[in-house]
Every structure is written in structure tokens, then in C-alpha cells.
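okay, predicted coordinates and the sequence, questions at the end:
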2 protein chains.
Amino acid sequence: MNSVILSARDVDFLLHEWLDTDALFERPTFAQHSRETVDAVLELAQAVATEKFAPHARSNDLHEPTFDGTTVSLIPEVGVALKAFADAGFLTAGVPEDRGGGGLPTSIISACLAWFHAANTATSGYALLSMAAANLIRTHGSDAQRTLFAEPLADGRFTGTMALSEPGAGSNLSDLLTRAIPQEDGTHRLFGRKMWISGGDHELADNIVHLVLARTPDAAPGTKGISIFIVPKYLVAEDGSLGERNDIVLAGINHKMGSRGTVNTAPVLGDGAHTPGGAPGAVGHLVGEVGQGLPIMFSMMNEARLGVGIAGTAVGYTGYLKSLAYARERLQGRLLGAPPAGPQVALVEHPDVRRMLLAQKSFVEGALALMLYCSRLLDDAVSLDGRAAEEALALVGLLTPIAKSFPAQWCLEANTLAIQVMGGAGYTRDHDVEQHYRDNRLNAIHEGTHGIQGLDLLGRKVLLDRGRALGLLVARITQTAERATAAGGSGEGYAAKLLAMTARLRDVTTRVAVAGGGAEVLAEATAYLEGSGHLVVAWLWLEQWLAAHGKEGDFYDGKRAATAYFFSRELPKVGLWLDTVAAHDGLTTALDPTVL
Amino acid sequence: MNSVILSARDVDFLLHEWLDTDALFERPTFAQHSRETVDAVLELAQAVATEKFAPHARSNDLHEPTFDGTTVSLIPEVGVALKAFADAGFLTAGVPEDRGGGGLPTSIISACLAWFHAANTATSGYALLSMAAANLIRTHGSDAQRTLFAEPLADGRFTGTMALSEPGAGSNLSDLLTRAIPQEDGTHRLFGRKMWISGGDHELADNIVHLVLARTPDAAPGTKGISIFIVPKYLVAEDGSLGERNDIVLAGINHKMGSRGTVNTAPVLGDGAHTPGGAPGAVGHLVGEVGQGLPIMFSMMNEARLGVGIAGTAVGYTGYLKSLAYARERLQGRLLGAPPAGPQVALVEHPDVRRMLLAQKSFVEGALALMLYCSRLLDDAVSLDGRAAEEALALVGLLTPIAKSFPAQWCLEANTLAIQVMGGAGYTRDHDVEQHYRDNRLNAIHEGTHGIQGLDLLGRKVLLDRGRALGLLVARITQTAERATAAGGSGEGYAAKLLAMTARLRDVTTRVAVAGGGAEVLAEATAYLEGSGHLVVAWLWLEQWLAAHGKEGDFYDGKRAATAYFFSRELPKVGLWLDTVAAHDGLTTALDPTVL
């Protein structure tokens, strides 16, 4: 039953029947690809995910990484899976061809990553960190750094980390304390403590490339004084050979509720455990310019946050499919009015179980549509010209906090509904859904908490942007509504509801912009985020409804049913969130916290 | 920090400033008690819970019960805690004095149990099962059964279980297959398999008293053919001495996501592991009459469901207090517009963190008010006469599905917010909140799932009752609104909102009653449950607001802030749920499940 981890049919529908991925292959950027090649890649992702990642997802949770004071031990299946991932070319499949990659569209890469997260989100974490680290070095590093660090990351010989947080600095990176002292040879020596660093140590690879945020001497306070450094676990000579052990070691590892297979660590730099070259401090190589640490890191942030969104989506999706399979199989009770001696019916026959399954479907398929839509915008940004590319980039910037937070919230809700569908069985470790519920809970916390996403959306992406990207979004929603109205049938009603709620979003946005975006307004940023998120997903459900329009069969009927569910049960919630934003009543800002 | 598990101040406020518990002592039923005696009991509960239950709550999760094929092993602290619970008299504190108990009001007992669940819900489970089993035997058993089983349960020498579910019969008890064959000596011999039986084996007590539902030969199909039996682990002679091992053994234990400390088992009866008296089958003693198994069990169900509500409330409450303590302590970031080099502020200063704390407060204090209100209704039912008693009983019957489900849903929501407030720290096993989130997830599943509660409320307690109890509820809500209007200030606005939503509930209820309460209507029973639940809790927030009215100080300001939160952010949701009920659009009933 656990082999159904994601729907290839849905991925195909979204990429080909909805997003017209074939159109990408007519653009020079992606002209080397075709429907056949990308479908082969998707099939490969499904196969590797199913065969190499899924089988140890439970074991990776039950036998979480251990740390003996020196070494982190993982179950061996993790290394086997990551090697298969690298061998199949996924580490570089999305890297542009002129940088040695496969040049595949991001929308295809995202769909592939959804397969891996659905199969085993914890093991997938290591691969994603390596891809992100390589990408950062490729984009911002020197030629030598690309050769010595990005290439081995890209072929799987090294793995990567993003070492941002510290014990005293999580969401507030401006407070980080790690120091980087410049050396005569052009390197730096780093001293400090990091926290919450995924993949911070293990024996999966020859070397680990830590990307470490730190402060140089006399740096400006706040975020402007932060630089970013490559700190390898083992020093790398100019010929690429590995040298001494660098002075970055673990103070310990964190034991999480879920996503246990991804080791989470507390590294210490320059504490004297090792003295590379006989001197104190962890050797670090500056990436880019001094003081550019945060801009460089944040240039990667949209992709990282979309990655979190894909993870949340996939974990929700797989839980939905597993609870659906159980509900089809398991006989329990009878329908209202049936004779007590008659046969029992499957769980899926009960209306309340159907409600929970439809809700899950509307969340996870809506989220997957959102993730692939954002990915497609990134493809448009690199394959279209001028204003079209700019608009795509502006739109994906606007949508990123939503794409990060909607799955973390609503695909987690799907996971709790999956448990509920299965009842007591779902609450036991005999089934996967309880793990999905624990694993997915992480996604509202890392890579910027839910609250941070709200501030990013309302504060930066809407108010600071003076509503320009929001205008693009509204224009696209309006176009969709026009097409739905023209299609007739229930499309007219959906379009009217969507337009009404969109007008409300514009109106509320204008009101809070006029109000000046002060503390009371930003205090309701989370409500703004959640309201916008539901509106966007409703819009993408109407897009899916249109893509299914006039087509017959169970699959398309399912899309219509989920659209009906989302428009009748979920879209109305937008009004309540927007009411809260419109009121911005100062309930939280004016609160004296001693009364709590 | 973990020592703050519940608020004695809030319990005192609810019992004394709001519910006027002193009035109970003027009634003959409770005349032997006084404010002083019940306050002493509450303090004792706090002390035993804090000293004996809380310290091993984490250990009980990390070192969950194990089963070696014969014996279940628990950590020793569980037995020590349960002995302290029994020694302090809590097993019988709520039993009427004429039945050998302490005769305390249920509202006091519920407050005590909240302390134990807040401290350690898993260990508390064993005590509650014993109390429930003793209560059932006391109410429905013979004199001999009371002496031989209820008394040892009441003094802690035996523990109890409720053995209802089977591998093929969970929510649908009518399908249970366990057989009970009458013997010439008046006993029965039982054969069958049970599932999800909490406390089904362990070495905590001299004996375990299983209350087992089973079918007698030639019994009617469905629920009418079910009887209930006492099946002791060891046979008990007429003089109370323990005899042979009975043939009830474990096929295994279930490994849950949370509430791990309460061993959950799959017992087998009459499989031949033992042959008491040289004959096959587990010896069982019929309680009450043949065919009365379900009515007897359901006579205990309201109390059992209120017990689940208290557990969910307490686990939510303790998570709130722990996240609040962390938010006061932990410095992180700065307020909007503050200079980056300035000092960091505590988490509690951030508006979005306050939002999450206020939401938690509104859920957990609202839920505690609901639990104590229902408990008080039970006290009224036994201490008032005639119509007043009947009304109290009708009202608590109506409110029970809400009291069972609101905490399971919204105090779990509080638990997820507690994690979010604490960020990465909250997601680790270094802090308690992740365990609370796992533990509390059980409460929407056992003792009737969330969906079952909806059907109970809308189908039985409202439609079948022809709205009589609902009318009582509306009358009480109206009285509260009138008092709030008279009080003036924000009370007027709250009263108007509450009355408007109550009118909407009445209107929707009438509409679905007129529609005939068919499948489409009952398909929206969960929406009806959730809408009613939020309305009831809003009402009880206005009750608390009134109890705090005119009083000064942080505590009362906190009540006012939480009332404002619930009325502005939560009460409006009722309208959406009721819209769904009013539409009863047949989305789930008409669905062809193959499209999922």
C-alpha cells in the first residue's frame, strides 16, 4: 500500500494539460529538451524515489542519526539512496547546460523533487542541501571555489550545509556572533557556534562544505556586517586533494519530533578540537565580497523556500494517498438507514470520511499546482525576454512566501486528516501517516517561520513593492475568471466568487497601504498571508478546473469535485482573514504581555 | 520551567468567581463540603500531580511500555504515581458518600483530573480506567461484583479496562464478534479478540478487571445482542482471594505516536493460553442483564467523553504555559523600527507571537471553562430537584459531544502553536511541547471519533431530541447576552455578535430539521459540531468576561484580552460552518469515491 507515494497522473496533468510544458521546448533556453526527455526524467525520479528512498523512510525515523561525540552514524540506506540520486544525475539536472548541468526546466526538477520528498523527505534533505550549496558557490564563488567545492558537491563526492543560525540568533540573523578573522594568505579563521544545522556531520561523503555566515572584524552591526564563507570539514588543496581536518566539530545533535533522518547539528568552529596548519580557528574561504553574506544567502532564499513548499506538499500528498488506499480497503460500519445485519461498507463510503479525503485532495493537489506554477514562473524568467521575464520574476517573488507557507500549514492539515481517516490505526507507528504528521510539522519552522513569511509577503512583497507584483497577480486571476465565466456551468459561479474575494484583497491591501503599514497592520501579516494563500490556491483550482473542462473520466471528475470542495468550504475563509487585516485592531500590539 | 503545568489561579476563578461553587455546599447533596475542604483537595491534586506525575511524563514517552510476549513492563514511576493517586483518595473522591466515596462535586473532581492530565496524561490514563470500571460495576453490578471487583478497583489494588473494540469493529460496535457462552455455574466463557485496549496488561496491580463486550449465543444481530462481562486477569474467589490465571492474554501491544505511556493492547480471550478450572474460555461475569451491554456502557459514555475533553484541555493548557514561559525568557530580534544595534526583546514582545499565545489562551481557558461548566451541570443534576435537574442533565447531554471534541481539536491547535512560538526548540525532544502535540492527537480518535461526536450532536442530541435541549442552551446564551448588554462597554458588542450567531444556529437547525435530517444533512454533522462548539465557547468566554467585569489586575485583563481575541478572530468562523450545514449541498454524499 505504501508504494503509492505520489500521483504520476496528476503530475502529468499539471505539467502537460495545464502548464503546457511543451511550450518551453520551443524557447531557446530549453530547446534541447522535449516531452519525451522530460517524461523520461520524471519516470526516473519516480523509480529512484520508489525503489531507493521510500523503503527506508520508516527506518530512517526509527533509527535516527546517532552521535558518539565524534562521529554521526546514519543507517546505510541513506548513502545508497543518495548515490542513486547522484548517479541518476539529479544533483545537476536543473543546472544550466553552460554550467555543466542538465538544463532541465525548474518545473520538471520540482516535480522530480516532489517524488523524492514523498518517498522520504528526511533522506532527500541531504541531496537538497548539496544542490543549494553548489548552486550558491556556482553563482557567487570564484572559479577556484567552483572547481574545488561546487563540482564535488555536484557529483556527490561532497555534501553541503547552510550554517546560518546560532544558539542566540535564529529568525534574527543580525545578531549572529561567529567571527571571521582575515589571514595573510587570503583565507579567514572562524570562531563561533552554530545551531540547527542540517547535515552538519556524517560519513556520507568525502567532505562536507559548510556555508557559514560570520562577522569580520570592525564589521557594521546588524545584517550589513555579515559575510559568507566556505568552511570545509577537510581542507582542500589546490589540486582538489583532501588535507587536514578543519576545526569545525559538533557540540551535539538535536533530537527532533520528526524529519529525524536528517541529522540536525550544533557545530562549533575554532574551538581547538583541531588546529589546521597548526593555527587556531576554522579555515574559511570568503564567497563574494565582505558584507555580502546576507544578500548572497537571500539570493538563494526563494529557491530554498520553494523547496520547503515542495517538501510540505509531497509529505501531505503521500499521506492523502495512503489514507485513501486504507479508506478504500477497510470495511467499517454501514451507511445511514442500512440494516444492521447487512454487510459493512468501506470507510470511503462514509460522508465524513469523504469530506476528510476531499479536503486533503484539495490541499495537496492545490499545493502541488502552486509549486509547479511558481516553478514555471522561474522557467519563464529565464526563457522569456524583457518585461515578460521581469513579470514572471516579480510574481514568483510575491508567491514565494505563500508557496512556502501554504503547504506547511494545509498539507500538515492534510496529514492530520489522514490520521483521522484511519482512526486508531493511523495513530500507530504501524502506518506511515503519523510520521508524515511529525515530519511535516517542521516546514512551518525552518527557512523562515510562518510569521516571517507573513512579514515578507505583506511588508516587502506587497507594501514595499507598492502593489506592483500584486497587480500582476490580480491581472492573472482576472484572466482566469474571465475564461471560467466564458466556459459557463459552475465556472461562472467560481469566477464570481473568486473575483469578489480578489476585489476584497485589493481593497484591504489599499486600506492598509493608506494606513501606512505600521505596527498594527504588520501585526496582522499572518492573516494576510493565510488569506492570500487560500485565494491563490482557489485561483489555481479554477485553473485546474479549466484544464479539466470538457474532459470526461474519473480523474477529471476528481478535479471538479476538489474544486467544488475548495470553493465551497475553503475560499470563504479568506473573508475572515481579510476582515482581521482590515480591522488591524491593535489587539496584539497594544497587549500588555504580563496579562498572558 | 516545566513545573508550571496548569493555572491554580484560573481554576480558582472558574470555580469560585464564575461558577459559584460555594452554592453547591448549601445543597444537601454536598452539604458536608465547604470551600476550605475543596480547596484543600485541589491543592492536594496540584501537589501530587506536580510531584509524582509530572517528573516522569517525558520518561514515560521515551521509555514506552514493552511486551516480551508474556509481560508488559512499565517504568516504575508509573506505579509510584498511581499509588500516590490512590493513597490521596482520588480514586473515590467523586464517588457518592453512600457508596463509600468522598462525595465531592464533579466540578472539583474534573479540576483535579485536569491537574493530573496536565502533569502526565499517559499515567493518568490508568487511574481513569480504574475509576470508570469501578463506577460501572458500582452502578450496574451485583452486590457481590461490587465487593469483589469495584472495591479493589476503588482502593487501587486492581486496575480496570474497557474492552469494547475488536480488530474488525471500532466505531461500529454492532459488528463485534467476541462470544460469551453461558455456563451451568452462572458464569460465561468468552472467546474472541479485542483491539485498542488501554491498560490491557501490566504489573501495576494485583489484578486487572476487564469490562468486555461480547455476544451471547442466539443474541440478536447488531447492538441489541451485546452484553457486558467482568473478565478478571486472575479469577477472584468469593472471599476476595486471587485464584487461577484467566484466559485473557495479549496478542501484542500497539505502538502509538503519542500517549505512549498508556499501554495499548490487543487482548485475546479463550485462545487456550490458560484453562481456568480446566476448561476452555475466559471466565466472565455478566453485568446487568443479557443484551444490556451497550446501554450500560453508554450510561458511562458521557463521563468518559468529558474525561477525554479534560485530557485534551489539560494537555493544551500545559503547552500554552510552557510556550508562554519560553516566550517571556527567550530574547530574539527587535520590534519593527528599532535600531539593529539595540538590545533584543523577548519573544513575547512580537505581535505574531502574542497572537499565537492569545489564540492558545482563548482555546485552553475556553475549553477549561467548558469542561467545568459541564461538570457543574452534572453536579446540578444530582443536587437540584425536578425540572432543574432534568434540564441540567439534558444540557450536559447536548454539550458532551462538544466538550469531547472542542479540546481535541482546538487544544491540539494550541499545542501546534506552542511549538511554533518556540520555533526549532519546540520541535525538539528537549522540550515538552512536541510530546503534548503527539499526545493530544489521540483525543479526536478514542471514545468516539470526531465524526461520531458530530453525528451524536446533530443526529441524536438535536434532531432526535427535537431541539429541546438546544432550546435550553439558547435560553442560557440569551441570558448571558442580556447580562453583558446590561454591563455595557465591550459587553454590548459581544452580546450582539453572540446573539446574532445564536439566531443563525437556531435558524440553520430549523432548516435542517424541516429538511428531514437525511443523509445530506448528517453529512455536514461535523461542520455543525464545530460551529456549535465555537459558539458555545464564545458564550463561555462572555461568561468569563462577565465574571471578570469591574475587576482590576493582570489576571482579569488577560480574561478580557482573550475574550476580545475569541470574539474577533474565532466566533466569525461559526458563520462559515453554519453556511455549510445550511447548504447541505450533497458534495460528499453524491461523490463517486472512485474519483478520489
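Cool, the structure landed. In this text the structure is predicted, and so the values were computed from the model without any measurement.

mind listing the strands for the stretch 1-150 of chain A?
A:66-67, A:72-73 (DSSP state E, counting those that start in this stretch).

take these and write them to CSV, including mean pLDDT.
Formatted as CSV, those follow (pLDDT from 0 to 100):
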stretch, mean pLDDT
strand A:66-67, 97
strand A:72-73, 96
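
tell me which of those strands lies nearest to chain B.
strand A:66-67 (13.9 Å; CB to the nearest CB). (Each C-beta comes from the backbone N, C-alpha and C, glycine too.)

show residues contacting that closest one.
For strand A:66-67, contacts defined as CB atoms under 8 Å, 6 or more residues apart in numbering or on different chains pick out A:72-73, A:201, A:250, A:252-253, A:263, A:265.

rerun that using 10 Å as the cut-off
For strand A:66-67, contacts defined as CB atoms under 10 Å, 6 or more residues apart in numbering or on different chains pick out A:72-74, A:200-202, A:250-255, A:263, A:265-266.

and if you look at stretch A:472-484?
By CB under 10 Å, 6+ apart, the surrounding residues in contact with stretch A:472-484 are A:373, A:390-392, A:394-395, A:398-399, A:402, A:462, A:467, A:490-503, A:505-506, A:509, A:532, A:535-536, A:538-540, A:542-543, A:545-546, A:549, A:563.

buried ones in it, by neighbour count?
Using 16 or more other CB atoms under 10 Å in any protein chain shown as the test for burial, stretch A:472-484 gives A:472-474, A:476-478, A:480-481, A:484.

chain B: which of these is nearest?
Using CB to the nearest CB, A:Ala484 comes nearest to chain B of those, at 18.8 Å.

and the pLDDT for that closest one?
Note for A:Ala484: predicted pLDDT of 98.

how about A:Gly200?
Reported pLDDT for A:Gly200: 97.

low-scoring stretches of the stretch 451-596 of chain A, by residue?
Counting by pLDDT under 70, the stretch 451-596 of chain A contains no low-confidence range.

helices of that one, start to end?
A:468-487, A:490-514, A:519-522, A:525-548, A:554-565, A:573-583 (DSSP state H, counting those that start in this stretch).

turn the strands of the stretch 1-150 of chain A into TSV, columns for mean neighbour count.
Formatted as TSV, the strands of the stretch 1-150 of chain A follow (neighbours: other CB atoms under 10 Å in any protein chain shown):
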stretch	mean neighbour count
strand A:66-67	16
strand A:72-73	16
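
now those as TSV including distance to A:Phe25?
Output for the strands of the stretch 1-150 of chain A, formatted as TSV (distance: least, CB to CB, whole Å):
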stretch	distance to A:Phe25
strand A:66-67	47
strand A:72-73	43
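
for A:Leu153, which of those strands is the nearest?
Ranking those by distance to A:Leu153, with CB to CB as the measure, places strand A:72-73 first at 18.7 Å.

can the closest one be found next to chain B?
No. Strand A:72-73 is not in contact with chain B by CB under 10 Å from any CB of the partner chain; minimum separation 16.3 Å.

and whichever residue of the stretch 101-250 of chain A sits closest to chain B, how far is that from A:Ala169?
Proximity of the stretch 101-250 of chain A to chain B (CB to the nearest CB) peaks at A:Gly222, 3.2 Å away. For A:Gly222, the distance to A:Ala169 equals 12 Å [CB to CB, to the nearest Å].

can you list residues touching both of the two?
With CB under 10 Å, 6+ apart, A:Gly222 and A:Ala169 have common neighbours A:Asp175.

and the two? which has more neighbours close in?
More crowded of A:Gly222 and A:Ala169, by other CB atoms under 10 Å in any protein chain shown: A:Ala169, with 20 against 17.

report the beta-bridge partners for that one.
A:Ala169 has these beta-bridge partners by DSSP bridges: A:Glu166.

can you pull out the helices in the stretch 151-300 of chain A?
Using DSSP H, counting those that start in this stretch, the helices found in the stretch 151-300 of chain A span residues A:151-154, A:293-299.

which stretches of the stretch 351-500 of chain A form strands?
Going by DSSP E, counting those that start in this stretch, the stretch 351-500 of chain A shows no strands.

re earlier: closest one to B:Glu64 among the helices of the stretch 451-596 of chain A?
helix A:525-548 (35.7 Å).

for chain B, what's its nearest residue on the stretch 1-150 of chain A.
For the stretch 1-150 of chain A, CB to the nearest CB, closest residue to chain B: A:Leu62, 9.8 Å.

which residue packs closest to that residue, ignoring adjacent ones?
A:Arg429 (7.7 Å; CB to CB, 6 or more residues apart in numbering or on different chains).

one more: A:Asp557?
B:Val595 (4.2 Å).

likewise for A:Thr510?
Nearest residue to A:Thr510 in three dimensions, chain neighbours excluded: A:Gly467, at 7.8 Å (CB to CB, 6+ apart).

surely A:Thr485 and A:Lys497 touch.
No. A:Thr485 lies out of contact with A:Lys497 (CB atoms under 10 Å); the separation is 11.5 Å.

between the two, which one's more packed in?
Between A:Thr485 and A:Lys497, counting by other CB under 10 Å, A:Lys497 is the more crowded of the two (18 against 15).

please name the residues that touch the more buried one.
Per CB under 10 Å, 6+ apart, neighbours of A:Lys497: A:481, A:538, A:542, A:567-568, A:571-572, A:574.

repeat that for A:Gly261.
Going by CB under 10 Å, 6+ apart, A:Gly261 touches A:56-65, A:74-75, A:77-78, A:120-126, A:439.

what's the pLDDT at it?
You'll see A:Gly261 listed with a pLDDT of 97.

from chain B, how far out is it?
In this view, A:Gly261 and chain B are 14 Å apart by CB to the nearest CB, to the nearest Å.

phi, psi for that residue please.
phi -70, psi -20 (degrees, to the nearest 10).

can you pull the pLDDT of the residue nearest to A:Leu62?
96.

with A:Gly423 instead?
For A:Gly423, pLDDT reads 96.

what sits against it?
Neighbours of A:Gly423 in contact, by CB under 10 Å, 6+ apart: A:326, A:330, A:332, A:347, A:353, B:165, B:170-171, B:196, B:444-446, B:449, B:451.

and the longest strand for chain A?
Counting by DSSP state E, the longest strand found in chain A is strand A:207-215.

in that one, what's buried?
Quick answer for strand A:207-215 (16+ other CB under 10 Å): A:207-215.

pull the distance from stretch A:522-537 to the chain's centre.
With CA atoms, centre = their mean, to the nearest Å as the basis, stretch A:522-537 stands 18 Å off its chain's centre.

which of the contacts of A:Lys497 sits closest to chain B?
A:Pro572 (5.1 Å).

the closest one contacts A:His534, correct?
Yes. Using CB under 10 Å, A:Pro572 is in contact with A:His534, at 9.1 Å.

so if I had to pick from these two, which one is more boxed in?
Taking neighbours as other CB under 10 Å, A:Pro572 and A:His534 compare with A:His534 leading, 25 against 18.

check contacts around that one.
A:366, A:402, A:406, A:409-410, A:501, A:566, A:570-577.

again, 6 Å this time
A:570, A:573-574 (CB atoms under 6 Å, 6 or more residues apart in numbering or on different chains).

same question for A:Ala273.
For A:Ala273, the contact set (CB under 6 Å, 6+ apart) comprises A:247, A:249.

could you pull up phi and psi at it?
Here A:Ala273 shows phi and psi, under degrees, to the nearest 10, equal to phi -60, psi -30.

roughly how far apart are it and A:Gly199?
Distance of A:Ala273 to A:Gly199, given as CB to CB: 19 Å.

ok so, going back, any idea which of the contacts of A:His534 has the most stuff around it?
Scoring these on neighbours with other CB under 10 Å, the highest-scoring entry is A:Val574 at 25 neighbours.

was I right to think that one contacts A:Gly533?
No. Contact criterion CB atoms under 6 Å: A:Val574 and A:Gly533 do not qualify, at 8.9 Å.

tell me the buried residues in the lengthiest helix in chain A?
Looking across chain A with DSSP state H, the single longest helix is helix A:106-140. Buried positions in helix A:106-140, judged by neighbour count with 16+ other CB under 10 Å: A:106-138, A:140.

neighbours around the nearest residue to A:Lys361 once chain neighbours are set aside, how many?
Using CB to CB, 6+ apart and skipping residues adjacent in sequence, the residue nearest A:Lys361 is A:Ala562, 4.7 Å away. Residues contacting A:Ala562 under the criterion other CB under 10 Å number 26.
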